[in-house]
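# whatever this is, show me its structure:
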Amino acid sequence: MALAEDYAVAHGASTVKLEVGTKNAVAIEFYKKLGYENAGFLSHYYSWGEDAYSMSKSVAPRAKT
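Predicted structure coming up:
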């Protein structure tokens, strides 16, 4: 995820957004630990009818180590 966030910043993005199935508790918790917040509910988002959460995180350039 850090690489994806760095890529987004390098290409001018200030926010990273993603969607995750509401039944995928492990992924939801993982994203929350990375700083993503629930930004909305998407009813019947997937082709098989499952709902999803839209999640987002503000990103900024990281200091080089």
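
# scan the helices and strands of this protein for the one with the lowest mean pLDDT.
Every helix and strand in the chain was compared by mean pLDDT, DSSP states H and E; the lowest is helix 2-10, with a mean of 94.

# buried ones in it?
5, 8 (16 or more other Cβ atoms under 10 Å). Every residue, glycine included, has its C-beta placed from N, CA and C.

# quick one: it to chain centroid distance?
Between the centre of helix 2-10 and the centre of its host chain there is 12 Å, according to Cα atoms, centre = their mean, to the nearest Å.

# what comes into contact with it?
Residues from elsewhere that reach helix 2-10, judged by Cβ atoms under 8 Å, 6 or more residues apart in numbering: 16, 57, 59-62.

# what does stretch 22-38 give?
Contacts to stretch 22-38, defined as Cβ under 8 Å, 6+ apart, come from residues 1, 16, 18, 20-21, 41, 50-57.

# start and end of that stretch, how far apart?
Terminal residues of stretch 22-38 are spaced 11 Å apart (Cα to Cα, to the nearest Å).

# mind jotting down where the strands sit in this structure?
15-21, 37-42, 52-58 (DSSP state E).

# make TSV out of those strands and add mean neighbour count and mean pLDDT.
Formatted as TSV, the strands of the chain follow (neighbours: other Cβ atoms under 10 Å; pLDDT from 0 to 100):
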stretch	mean neighbour count	mean pLDDT
strand 15-21	15	97
strand 37-42	13	97
strand 52-58	17	98
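
# still on that earlier bit, which of the contacts of helix 2-10 sit farthest apart?
Greatest spatial distance among these (Cβ to Cβ): Lys57 and Pro61, at 14.2 Å.
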